[in-house]
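>>> Give me the fold of what follows.
(one chain, ligands or ions: 3)
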Amino acid sequence: MERRYLLRTFGCQMNEHDSERIAGLLTADGYVPTEDAARADVIVFNTCAIRENADNRLYGNLGHLRPLKERNPNLRIVVAGCLAQKDGAGILERAPWVDVVVGTHALPELLALLRAAQTEGPQLDVHEYTEVFPSALPARREVAHHAWVSISVGCDNACTFCIVPLVRGPQRSRPMEDVLAEVRALAGQGVVEVTLLGQNVNTYGRDLTVPGSPRRPRFAELLRRVNEVEGLRRIRFTSPHPHDFTPDVIRAMAECEKVCEHIHFPLQSGSDRILRTMRRSYRRERYLAWLEEIRAAIPGIAITTDIIVGFPGETEEDFRETLEVVERARFDQAFMFQYSPRPGTRAATMPHQVPKEVVQDRFDRLVALQERISLEIMREHVGRTVEVLVEGTGRKGGTQGRTRTNKVVHLPGEIPPGTFVRARIVSAHPHHLVGEPVSAPTSAERSLAAVR
Ligand code: SAH
Ligand code: SF4
Ligand code: F3S
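Ligands and ions are numbered 1, 2, ... in the order given. This is a model prediction of the structure:
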């Protein structure tokens, strides 16, 4: 009898990458994927803890599984990820029908925990240390042409709003040779695009030593080495912390032809006062100066960001400063969030929490401004010819892919994922472009896509 698993992913790219490993471990154990909860033998929720609605969603979802578990006592329910790390035994208390709670560091133990749950009842492993990078576990990747590659896990910063250091631990970098060996192997399997992953990619190597050398490996050097890997065509990374964004990284980005012209550069706030209480060590003018340096070195680069609205103590004046920076920065896209207090973080107990209606009003104004800017930037693309890497079918049919600047492009017809297409942009929307292929993919590209 075939055993089936259903896996839901709730978090960021690191969480998605962990999900590939969860799928990889289960596949290695003989499971096959299913989308039908009623037919699943194992259901895994890979959770995120970044904002409060994540908690509510998890417990809501677990509530839905209860009748399923009552009908099928052989069903195993697993809660993995950052919320598992954060709430631990609390999950088993609130939802005693859960079988396994596996934290972010304990992922390699997943199969052993599932087996133990079979005979011994609910299992919990949220220990706080790992030497195993997610990339070192077996993988089941969603697409053949793209891969996530973890270069570091954890974070040494202490942004006062953020729960990540609490659930992912301090930064640990992966040895450069391990990263390179993985990227080479992936390129050998037909992967044309990699995204290097870390909470703070540009402090990569700070915690490493090179045997026999006083130097530590640096992120810029890693970019240059990955750029040399044959077969690879696009390199992305996420995310750098502005504070550690050094000129050698800008130079490496400018000089490495495979490194894509896109950088995700989280601003968080445009007010120096708020940046200080957030413990973000840069200030607005420094941030804007970095943007100028980056744009001067890499013409046409797209810059995206994260912004939090309604951080404790944020006044109307502070918020206007954010609007002003957003106006000046001209981000291609921004991920905008309403501040959500996370128990255990410094900001959660700060005075002057901003009332919900005020946060909502500011949020709406910020979104409106950014939508206008995004659309203006997108419109500048109309008439240009761009390289699109096809990712799959769009939500409404047709083909969907991305430019090197990470812009979503919709194309007519069905083109196999992994194909590179040159396309002329015919219309623009705030979050995507519409294009028409100007040349059919070359036969080499077609046959490459066909084997993937
Ligand atoms: N390591 C990344 C951030 C990961 S979290 C970095 O430093 O860039 C992704 C984004 O979620 C953050 O950039 C921030 O904008 C947002 N975020 C984090 N904690 C939050 C909170 N408590 N409330 C609202 N948004 C939050
Ligand atoms: Fe969180 Fe700050 Fe670390 Fe990013 S850099 S993960 S926002 S603590
Ligand atoms: Fe990512 Fe959410 Fe964890 S953003 S690191 S999955 S808390």
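
>>> element containing the closest residue to Glu142 other than its chain neighbours?
With CB to CB, 6 or more residues apart in numbering as the criterion, Glu142 has its nearest non-adjacent residue at 7.1 Å, and that residue is Glu20. C-beta here means a position set from N, CA and C on the backbone, and glycine is covered the same way. Counting by DSSP states H and E, the element that carries Glu20 is helix 13-28.

>>> by contact count, what packs against that helix?
For helix 13-28, the elements it packs on are strand 3-9, strand 42-47, strand 76-81, helix 110-120, strand 146-150, strand 193-197, judged by 3 or more CB pairs under 8 Å, 6 or more residues apart in numbering; DSSP states H and E.

>>> how about JSON lines for the ones you listed, with mean pLDDT, distance to Val259 and mean neighbour count added?
Listed next are these as JSON lines, based on pLDDT from 0 to 100; distance: least, CB to CB, whole Å; neighbours: other CB atoms under 10 Å:
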{"stretch": "strand 3-9", "mean pLDDT": "97", "distance to Val259": "27", "mean neighbour count": "19"}
{"stretch": "strand 42-47", "mean pLDDT": "97", "distance to Val259": "29", "mean neighbour count": "25"}
{"stretch": "strand 76-81", "mean pLDDT": "98", "distance to Val259": "29", "mean neighbour count": "25"}
{"stretch": "helix 110-120", "mean pLDDT": "96", "distance to Val259": "34", "mean neighbour count": "15"}
{"stretch": "strand 146-150", "mean pLDDT": "94", "distance to Val259": "14", "mean neighbour count": "23"}
{"stretch": "strand 193-197", "mean pLDDT": "97", "distance to Val259": "10", "mean neighbour count": "22"}
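
>>> By proximity to ligand 3, which residue of the stretch 201-350 of the chain wins?
Arg342 (9.1 Å; CB to the nearest ligand atom).

>>> Let me see the contact set for the closest residue to that residue other than its chain neighbours.
Distances taken as CB to CB, 6+ apart place Ile163 nearest to Arg342, at 4.3 Å, with adjacent residues excluded. Contacts for Ile163 were tallied using CB atoms under 8 Å, 6 or more residues apart in numbering; they are Ala49, Ile50, Cys82, Lys86, Arg342, Gly344, Thr345.

>>> quick one: pLDDT of Ile163?
On pLDDT, Ile163 comes in at 96.

>>> send the alpha carbons of stretch 399-407 over as CSV?
Provided in CSV are the C-alpha atoms of stretch 399-407 (Å, rounded to 0.1, in the frame of the first residue of the first chain):
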residue,chain,number,x,y,z
THR,A,399,3.0,31.0,-19.2
GLN,A,400,4.7,32.8,-16.3
GLY,A,401,8.3,33.6,-15.9
ARG,A,402,10.7,36.2,-14.5
THR,A,403,13.2,38.8,-15.8
ARG,A,404,16.7,39.0,-14.3
THR,A,405,15.3,41.9,-12.3
ASN,A,406,12.8,39.5,-10.8
LYS,A,407,9.7,41.0,-12.5
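
>>> from the middle of its chain, how far away would it be?
Remark: stretch 399-407 is offset 16 Å from the chain centroid, using CA atoms, centre = their mean, to the nearest Å.

>>> Over to stretch 354-367?
So, by CA atoms, centre = their mean, the centroid of stretch 354-367 is 25 Å from its chain's centroid.

>>> Let me know the pLDDT of whichever residue of the stretch 251-400 of the chain sits closest to ligand 2.
Going by CB to the nearest ligand atom, ligand 2 is nearest to Pro266 of the stretch 251-400 of the chain, at 6.8 Å. With respect to pLDDT, Pro266 has a value of 97.

>>> what is the mean pLDDT for the helix holding Glu20?
Per-residue scores along helix 13-28 average to 94.

>>> buried stuff in that helix?
For helix 13-28, burial by neighbour count (16 or more other CB atoms under 10 Å) applies to 14-26.

>>> residues touching the residue of the stretch 51-200 of the chain found nearest ligand 3, list them.
Closest residue of the stretch 51-200 of the chain to ligand 3, CB to the nearest ligand atom: Cys82 (3.3 Å). Contact partners of Cys82, counting by CB under 8 Å, 6+ apart, are Gly11, Asn15, Thr47, Cys48, Ala49, Ile50, Thr104, Ile163, Val164, Val167, Arg168.

>>> and the gap between the last one and Leu375?
Pointing back at Arg168 there. 35 Å (CB to CB, to the nearest Å).

>>> now the first one
Here Gly11 is placed at a distance of 28 Å from Leu375 (CB to CB).

>>> neighbour count winner among the two?
Gly11 (19 against 13; other CB atoms under 10 Å).

>>> So the more buried one sits against Phe45, correct?
No - counting by CB atoms under 8 Å, Gly11 does not reach Phe45; the two are 10.5 Å apart.

>>> sorry, back to before: which residues sit against the helix holding Glu20?
5, 7, 9, 33, 42, 44, 46-48, 80-82, 104, 107-108, 110-111, 134-135, 137-142, 148, 150, 153, 168, 195, 197, 199, 238.

>>> same thing but at 7 Å, please
Contact with helix 13-28 is made by 5, 7, 9, 33, 42, 44, 46, 48, 80-81, 107, 110-111, 134, 137-141, 148, 150, 195, 197, 238, as judged by CB atoms under 7 Å, 6 or more residues apart in numbering.

>>> and what of stretch 125-134?
Identification of contacts with stretch 125-134 by CB under 7 Å, 6+ apart yields 17-18, 21, 84-85, 88, 101-103, 105-109, 113, 150, 153, 169, 174.

>>> Could you restrict the residues you listed to the ones contacting ligand 3?
For ligand 3, no contacts are drawn from the contacts of stretch 125-134 by CB under 6 Å from any ligand atom.

>>> Go ahead and build a PyMOL selection from the buried members of those residues.
Applying 16+ other CB under 10 Å to the contacts of stretch 125-134, the buried members can be selected in PyMOL as follows:
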select buried, resi 17+18+21+84+85+88+101+102+103+105+106+107+108+109+113+150+153+169+174
